[in-house]
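In: okay, here's the prediction I keep looking at, along with the sequence it came from:
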Amino acid sequence: MMSISTMRRQFGLAALAFAIALPATAAVDVSGYKFDDTTKVAGKELTLNGAGMRTKFVVKVYAAGLYVPEKKKTAADILKQDGPRRITLQMARDVSSEDFGKAFMDGLNDNVDKAEKQKIVAQIGKFGEMFAGVNGLKKGDVLHIDWIPGSGTVCELNGKKLVENVPDIAFYNALLRIWLGDKPVDRSLKPALLGDAK
């Protein structure tokens, strides 16, 4: 008959082998919205820099996760990284296309100066057309906003491409500043995306 200690050891080895065989699971849970440790964009593996919840008057709007080639703690370091980047929004409530578009424009206006905005005005207009073509965002929807070098800013809603690629890195960095700029859309979300959430 097998001893208790032998059984425990064999059970422990079996559990370890089972755990090793499992695929990587979600690394971060933000109020029930899960973000994997890594993701692939344009064939490159990106790492989750941080994730958090966007709230407005205590109402949860969306969970956001920022993926980058290498984890960084400052917005400046995130913005100057080479390679693909991704911000993923998982909707926590329904939002009309008008409200979502207005929130983007407000975020840009708060964090991009007039001279810089003049340089990307065409891209802003192109991006704005995307909101006109979407019949609002629903709870559970997933929006990816990717930067792909050599291609541009690519947006996908639930796996469907929303807008033609916007080629200017200055435009993508302007978008990122909605969450990472000096006047972020949510002051508690910014540190979470930078990996500093308490």
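Out: Okay, I see it.

In: make it CA atoms for all contacts and neighbour counts henceforth
Out: Noted.

In: and Gly43, how many neighbours?
Out: 8 (other CA atoms under 10 Å).

In: tell me which element Ala64 falls in.
Out: In this structure, Ala64 sits in strand 59-68 according to DSSP states H and E.

In: each with direction, which strands does that strand pair with?
Out: strand 44-56 (antiparallel), strand 85-91 (antiparallel) (DSSP bridges).

In: how far away is the closest residue to Val142 other than its chain neighbours from Tyr62?
Out: In this structure, Val142 finds its nearest non-sequential neighbour in Gln90, 4.6 Å apart by CA to CA, 6 or more residues apart in numbering. Gln90 sits 5 Å away from Tyr62, going by CA to CA, to the nearest Å.

In: who's in contact with stretch 88-106?
Out: 33, 60-66, 128, 131-132, 134-145, 175, 178 (CA atoms under 8 Å, 6 or more residues apart in numbering).

In: whoops, stretch 138-150 was the one
Out: By CA under 8 Å, 6+ apart, stretch 138-150 touches 41-42, 83-95, 152-158, 167, 169, 172.

In: same thing but 6 Å
Out: Taking contacts as CA atoms under 6 Å, 6 or more residues apart in numbering, the residues outside stretch 138-150 that touch it are 84-94, 153-158.
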